[in-house]
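Asker: Sequence and predicted structure below; questions after.
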Amino acid sequence: MKWESGMRYGVMALLLVLGGLSIAAAAQSGTISSADANEMAGFRAFIVEHPRALALLKKRPWALQTAEFAEDFRSVGDYLAKHRRVKALVNNDPHFFDQLTADPRAGGGHKHRWWW
């Protein structure tokens, strides 16, 4: 049974390394700068902890560009205000949210207006 636990950690470590390598490869290929790759990685890590916002963005990615979204999902709006480049980067990647899965441990409680 110990080897199963070790195997799980090994697989998780491999996935983290491969994810980092893909970001680094994109940065080196000239398609995205390393600073932008870091911004995208940071936003991915952030948004999966906000399941309701992520669910909406998977359905309506354009909502990220609106002031109403930033108001309704205040913590996401605060993040975007501090990381101003994220909106443009996500806007340039039409499949940004496709492979993301919300962290089930995250609360993500937000007020909503017209989103749902």
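Answerer: Received it, and whenever you're ready, just let me know what you need.
Asker: helix, strand or coil for Leu80?
Answerer: helix (DSSP: H, G, I helix; E, B strand; the rest coil).
Asker: What separation do you get for it and Thr31?
Answerer: From Leu80 over to Thr31 the distance is 22 Å, taken as Cβ to Cβ, to the nearest Å. In this view, the C-beta of every residue, glycine as well, is placed from N, C-alpha and C.
Asker: Which of those two has more residues huddled nearby?
Answerer: Leu80 (20 against 10; other Cβ atoms under 10 Å).
Asker: For that one, give its distance to Ala45.
Answerer: Distance from Leu80 to Ala45, counting by Cβ to Cβ: 14 Å.
Asker: Val86 too?
Answerer: 12 Å.
Asker: do the same with Asp93
Answerer: In terms of Cβ to Cβ, Asp93 sits 16 Å off from Ala45.
Asker: I'd assumed Thr101 was in contact with Val48.
Answerer: Yes: assessed by Cβ atoms under 8 Å, Val48 is found in contact with Thr101 at 6.6 Å.
Asker: The two: which is more packed in?
Answerer: Val48 (17 against 9).
Asker: Who's the closest spatial neighbour of that one, skipping the chain neighbours?
Answerer: Spatial nearest neighbour of Val48, excluding adjacent residues (Cβ to Cβ, 6 or more residues apart in numbering): Asp103 at 5.0 Å.
Asker: Alright, that wraps it up for me.
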